[in-house]
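Undergrad: I need the structure of the sequence given here:
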Amino acid sequence: MKKFIAAALSLAAAATVAAGPSVPMKSVSDFIGQTKLLKSTENGFRFTAAPYFSVETKGRIPVDPAKKYRISFEYRLAPGSKPVPNFYLGPVGFDAKGAKVVCSTQNFTAGSDTTLAEAAKAGDTVIKIKNGSKWSVKWGFAAFNTKPDLSDLPNSDLVSIKAMEKTGDVWNVTLARPLKKDYAAGTNVRNQRAGATYRYVVYEKVPTEWKKVDAVIQGCAREGAPGYARKWRLGTVQAGLAFFTLAKGGDVEIRNLVLEEME
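TA: Next comes the predicted model:
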């Protein structure tokens, strides 16, 4: 009887830690991108650092903000290899339409909410806004149909900007491409900005010895909100993983790479 109870307790404990859905990452065929630089190893992968090396998982898991998700792996510089100055790994989020959820849809410039001073038409490359004193051109976007309480985020009604100039009581904002639709005078607008491609769990020099990373992600938050680095971006309904390097270097080894829903 005691053995039966012990076995039952053991099974119950195992059930509480068993993982839910996970992303397949067993072979090179489970990735897209520069997979020619990626090789399968016994427990993971090895790749050669390059300025534009980047791969992304083919598989995705559904995201429920109420649930917890785990990203776990170990990585190191391959023995005898040249240094690798940068290595980035993080989740990739997708919205309900299957599009990637990017930083610019929710990274806003504080105090930049204003309105169009004049109507803007499809094909226009300059818009006039009432107050551009808080706007930034660098990495900047004009976001349309915004709401002061930020309930419009993630807002993908965006056009990147390339110049601004105050003329009288208005600011002329030069767009990087023509508008695709009309906007009435008085339409709410704000300045939003590009930022990090992903929310990384690793972005550092590769260590020479195996290093374990174990990160838990739960909930959704806009860029800059408290604890946002370990939350999904707003609008994420599916997710995968990506990792990349930005400079030429040696070989990196990764093993036991996991993205899974936690029970």
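Undergrad: name all residues that make contact with the spatially closest residue to residue 262 that is not a sequence neighbour.
TA: Nearest residue to residue 262, sequence neighbours excluded (CB to CB, 6 or more residues apart in numbering): residue 68, at 4.3 Å. Just so you know, the C-beta spots here come from the backbone N, C-alpha and C atoms, and that holds for glycine as well. By CB atoms under 8 Å, 6 or more residues apart in numbering, residue 68 lies in contact with 216, 217, 218, 261, 262.
Undergrad: 10 Å instead, please
TA: Shown in contact with residue 68 (CB atoms under 10 Å, 6 or more residues apart in numbering): 20, 216, 217, 218, 219, 260, 261, 262, 263.
Undergrad: tell me the average confidence for stretch 196-207?
TA: What stretch 196-207 shows for mean pLDDT is 95.
Undergrad: stretch 140-155 too?
TA: 97.
Undergrad: give the buried residues for that stretch.
TA: For stretch 140-155, the neighbour count (16 or more other CB atoms under 10 Å) marks 140, 141, 142, 143, 144, 146, 152, 153, 154, 155 as buried.
Undergrad: so the third one is in which element?
TA: When elements are assigned from DSSP states H and E, residue 142 belongs to strand 140-144.
Undergrad: CA atoms only: put that strand into PDB for me.
TA: In PDB, the C-alpha atoms belonging to strand 140-144 read as follows (Å, rounded to 0.1, in the frame of the first residue of the first chain):
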ATOM      1  CA  GLY A 140      10.400  57.700 -35.600                       C
ATOM      2  CA  PHE A 141       6.900  57.000 -37.000                       C
ATOM      3  CA  ALA A 142       3.700  58.900 -37.200                       C
ATOM      4  CA  ALA A 143       0.900  56.800 -35.700                       C
ATOM      5  CA  PHE A 144      -2.700  57.600 -36.600                       C
END
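Undergrad: parallel or antiparallel, list what pairs with it.
TA: Strand 140-144 sits in its sheet next to strand 158-167 (antiparallel), strand 188-193 (antiparallel), going by DSSP bridges.
Undergrad: sheet partners, orientation included, of the helix or strand just after the longest one?
TA: Past strand 158-167, heading to the C-terminal end, the next element that is a helix or strand (DSSP H and E) is strand 170-175. For strand 170-175, the pairing partners within the sheet under DSSP bridges are strand 126-129 (antiparallel), strand 158-167 (antiparallel).
Undergrad: so which of these is the most packed in?
TA: Comparing those on average neighbours per residue, with mean count of other CB atoms under 10 Å, the densest one is strand 126-129 at a mean of 21.
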